[in-house]
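[1] 3D, please:
(chains A and B)
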2 protein chains.
Amino acid sequence: MYVDIGNALAEEASPGISRDALERLDTQVAQAHERIADGIANHEHGYAALDLPQTVDTAAIENAVAPFDDSEAVLNVGIGGSALGAATIADALDSDVDAYFLDNVDPEHVSALLADLPLEKTTVNVVSRSGTTAETLANFLVVQDAMESAGVDWTDRTFVTTGESGPLRTLSDRHDLPSLPVPDGVPGRFSALSTVGLACAAIQGHDLDELVAGAAEQQAKLSGSLFDSPAYAYGAISYALDVRGASVNAMMPYAESLETYSEWFAQLWAESLGKDGLGQTPARALGATDQHSQLQLYRAGPRDKLVTLVRPREYDDTEIPETEFDDLAYLGGKGLGTLLDAEFEATEASLSAAGRPNVRVELDRVDERGVGSLLYGMEAACVMAGELYGVDTFVQPAVEWGKKAARGLLGGGDFEEADAVAEKTELLVE
Amino acid sequence: MYVDIGNALAEEASPGISRDALERLDTQVAQAHERIADGIANHEHGYAALDLPQTVDTAAIENAVAPFDDSEAVLNVGIGGSALGAATIADALDSDVDAYFLDNVDPEHVSALLADLPLEKTTVNVVSRSGTTAETLANFLVVQDAMESAGVDWTDRTFVTTGESGPLRTLSDRHDLPSLPVPDGVPGRFSALSTVGLACAAIQGHDLDELVAGAAEQQAKLSGSLFDSPAYAYGAISYALDVRGASVNAMMPYAESLETYSEWFAQLWAESLGKDGLGQTPARALGATDQHSQLQLYRAGPRDKLVTLVRPREYDDTEIPETEFDDLAYLGGKGLGTLLDAEFEATEASLSAAGRPNVRVELDRVDERGVGSLLYGMEAACVMAGELYGVDTFVQPAVEWGKKAARGLLGGGDFEEADAVAEKTELLVE
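    All right, here's what the predicted structure looks like:
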């Protein structure tokens, strides 16, 4: 991962950070790094995720999924951090084994997906740390039922990723299902490079060691200066721009294969930093497509955005044929990738010409190493930003209220939150 | 479309609007409605889009695509407003004809998609008003080439939607291709209910008249009061909340089939309202999935968001089987849809309990009529918001700079914008 923050300087953009302020920020980064390094060394909750390149056991993951090497498809049943890491890897990398994700309880979508899958050749990876996540368990019950109806023994096709106890652990023990533990100290949104994200990748045949090696490269660069660590540079500049007014972070990869990465980033950023009235709002965009959708706003709307432009430096190109039309002759014989790169650089310059801050993030390539580097880099960036904001990066207390209310509405216990639902103020226009 | 703005009142939320201020806003709505009604009556640029339920010729569209009634797939080649309307309809509604969209110039994605399609049974709908859009024409050249390589005569499988002149119109005339015109006065992002969005829907076998009827229902409700028009209520409340601090509009449908609708909405909102330093930033979310991702931020982050919760009132449900685990017994025998509805109401109440403004938008069902109603309703909402902001809703001048720069970089002419690209300030951390 390479991070270029030149277009976020105050000499280029407003909001922007002056070179003097960047030096002062670097002093804060050094202090924050000490805290992070201590957290990693002591395997503290959350910080332990940044040590996954050292602690994850890829051979154990590969062994655990070995019974499923006949899979034509893998179906991940999980939600939030139990789905997005695996989905990011699956959508970034090619595989002959298709990956599907049941990360929502939309009844029409669930039944349509299950009707299309070759269930006898599908491996189900059900993922929930607690083993009680309502959406995940409800979907898993529906999947079990669909397999039984199709004459497939679901115990032959199910792989469990869960904590040390809870219903899923009990189920796994009772039916002697292959399983892996969710590692301690690693919150869901930081678990892409653990058993949670890598089991699916292993079933798809991806090279786990290369994914981890990409992450390890970024870990090795964590240091006391943002000028030496792309991850810290990204986290620190995002924080600095937010407090100067860029309250939105538009994540805009120029690669279809990284579209799900933006969803993963949005969870990482929102759930880690969105607390105490603070936190930059992630917005998802895709280059070049969203130049024809969001760019008007980014360039001419409120000065409240940082645009993060992401691209691979290398890719397999496809040539544009010559054309009979003079107006379009300039495209003929060039690569689609050349066009995409021109659009990337034109958009970047277009934002800067309007004084809008932007940051360039590049990978060598969208392959295992590149994706591992990007995922780890953004996790470390997020932890650095959390230190600078002074928030508790690794918790998500604000989601509990709604969970209780939903459970109460469904008859799963008495919760005063459920009573509040009935008191809604209505002003209906129809 | 039904719009409930009760949870956006100042008695419920901050930012929020008082009932007195809502009455004053309604006076502005009445004035804006007069301007809009005049624009519609005189078929003025942009406003003409709101008269499409009266002016669109669905029989002509169905006749024009009749030669393609053997299609197994339709491939839309377009970008921005030339893709998102059709994609929204395609992803919302079931069809035996699969729809695919080439709306980006990612070389690896384009070649992978073309390798997978049954080209001899695929109808290509190439869409560009000017006929010169670089991404669309480059992709179309690649598609022509792929068809020729596969032994398919592309002139047998191509349907053109374009303006009265330009390279695509010339091509269409030269090869006697079936084609439809892009209607005058209808900007791309307002063209879902015209030839631009409906040709693809017709090839997929959807009921165009029902789509238009849903839109007509909303048109009939456009009136001088936000209390009588769901569309105006939504546009006016979004504007009022933005100027009170809700600079982000998180669009969160509780239906997988409406995920692309959020992308369509994001273009509509961003490109129409994002100018003169104004405009609410659209953020895309999906219920219930993003409760496990974005909700922490929406509930506990900065008070800068309006959350728009969208759902169908009716759907086909899927029952959750009974389970052996006491912890989960409350789920057994209920529908996944019941769970999803409980999550919707719990999230809505959760936001209100934290004083965060939210608006409920409901459809009867995600079918042709419901989708037509939603698309038209949001377009009229956007036009109303544009009047209230006082911006020029129907232009997108800020995207021109980048187009010139990209064209210059690709050798398509001398543009000073291209020279600026070379002058980038670099501060690279690697």
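
[2] Just the terminal-to-terminal distance for stretch A:271-287.
    Start-to-end span of stretch A:271-287 (C-alpha to C-alpha, to the nearest Å) is 25 Å.

[3] State the mean pLDDT of that stretch.
    The pLDDT scores in stretch A:271-287 average 98.

[4] ditto for stretch A:250-259
    The model assigns stretch A:250-259 a mean pLDDT of 98.

[5] Check stretch A:314-321 too.
    On average, stretch A:314-321 scores 96.

[6] buried sites along that stretch?
    Neighbour-count burial for stretch A:314-321, counted by 16 or more other C-beta atoms under 10 Å in any protein chain shown, picks out A:315, A:317, A:318, A:319, A:320, A:321. To be clear about C-beta, it is placed using only N, CA and C from the backbone, and glycine gets the same treatment.

[7] Now find how far off-centre that stretch is within its chain.
    With C-alpha atoms, centre = their mean, to the nearest Å as the basis, stretch A:314-321 stands 27 Å off its chain's centre.

[8] likewise stretch A:135-145?
    24 Å.

[9] what about that stretch, near chain B?
    Yes - on the criterion C-beta under 8 Å from any C-beta of the partner chain, stretch A:135-145 is in touch with chain B at A:135, A:137, A:138, A:139, A:141, A:142, A:144, A:145.

[10] Which one of those is nearest to residue A:421?
    Using C-beta to C-beta, the shortest approach to residue A:421 within the residues of stretch A:135-145 next to chain B belongs to residue A:135, at 18.1 Å.

[11] And the next helix or strand past the host helix or strand of that closest one?
    According to DSSP states H and E, residue A:135 maps onto helix A:134-149. Downstream of helix A:134-149, the next assigned helix or strand under DSSP H and E is strand A:158-162.

[12] where exactly do the strands run in the stretch 251-400 of chain A?
    Per DSSP state E, counting those that start in this stretch, the stretch 251-400 of chain A carries strands over the ranges A:281-284, A:305-312, A:358-363.

[13] now for those, which one comes closest to chain B?
    Smallest distance to chain B across these (C-beta to the nearest C-beta): 5.2 Å, for strand A:281-284.

[14] Run the contact check for that closest one versus chain B.
    Yes - contact of strand A:281-284 with chain B (C-beta under 8 Å from any C-beta) involves A:281, A:282, A:283, A:284.

[15] how near is residue A:355 to chain B?
    According to C-beta to the nearest C-beta, to the nearest Å, residue A:355 and chain B sit 12 Å apart.

[16] Provide a list of residues in contact with that residue.
    Contact partners of residue A:355, counting by C-beta atoms under 8 Å, 6 or more residues apart in numbering or on different chains, are A:12, A:13, A:14, A:16, A:303.

[17] Repeat that for residue A:335.
    Residue A:335 neighbours (C-beta under 8 Å, 6+ apart): A:317, A:318, A:319, A:320, B:107.

[18] ok, and the closest non-adjacent residue to the first one?
    In this case it means residue A:317. Spatially, and ignoring its direct neighbours in sequence, residue A:317 is nearest to residue A:335 (3.6 Å; C-beta to C-beta, 6 or more residues apart in numbering or on different chains).

[19] Beta-bridge partners for that neighbour, please?
    Here residue A:335 sits in beta bridges with residue A:319, going by DSSP bridges.

[20] And it, how far from residue B:105?
    Counting by C-beta to C-beta, to the nearest Å, the gap from residue A:335 to residue B:105 is 9 Å.

[21] same check, this time on residue A:407
    Taking C-beta to C-beta as the measure, residue A:407 falls 47 Å from residue B:105.

[22] Name the residue in those two with the higher neighbour count.
    When residue A:407 and residue B:105 are compared for neighbours, residue B:105 comes out ahead with 31 against 21, by other C-beta atoms under 10 Å in any protein chain shown.

[23] State the helix or strand in which that one lies.
    With DSSP H and E as the test, residue B:105 turns up in no helix or strand.

[24] Mind pulling the model confidence for it?
    Looking at residue B:105, its pLDDT stands at 96.

[25] list the contacts for it?
    By C-beta under 8 Å, 6+ apart, the contact set of residue B:105 is A:288, A:336, A:337, A:339, A:340, A:343, B:135, B:138, B:139.

[26] ok, now with 7 Å
    Residues near residue B:105 by C-beta atoms under 7 Å, 6 or more residues apart in numbering or on different chains: A:288, A:336, A:339, A:340, B:135, B:138, B:139.

[27] same thing with residue A:294?
    Residues near residue A:294 by C-beta under 7 Å, 6+ apart: A:250, A:285, B:266, B:270.

[28] The second one contacts residue A:250, correct?
    Yes - using C-beta atoms under 7 Å as the test, residue A:285 is close enough to residue A:250 to be in contact (5.2 Å).

[29] before we move on, back to that, give me the ChimeraX select line for the residues of stretch A:135-145 next to chain B, limited to the buried ones.
    Selection of buried members from the residues of stretch A:135-145 next to chain B for ChimeraX, criterion 16+ other C-beta under 10 Å:
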select /A:135,137,138,139,141,142,144,145
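
[30] Next, work out how far apart the residue positioned nearest the centre of chain A and residue A:92 are.
    Centroid check for chain A by C-alpha atoms, centre = their mean gives residue A:264 as the closest residue, at 1.8 Å. To residue A:92, residue A:264 is 10 Å away according to C-beta to C-beta.

[31] again with residue A:111
    Applying C-beta to C-beta to residue A:111 and residue A:92 gives a distance of 28 Å.

[32] which of the two has more neighbours?
    When neighbours are counted by other C-beta under 10 Å, residue A:111 and residue A:92 differ, and residue A:92 comes out ahead with 26 against 16.

[33] The more buried one and chain B: what is the separation?
    For residue A:92, the distance to chain B - C-beta to the nearest C-beta - is 11 Å.
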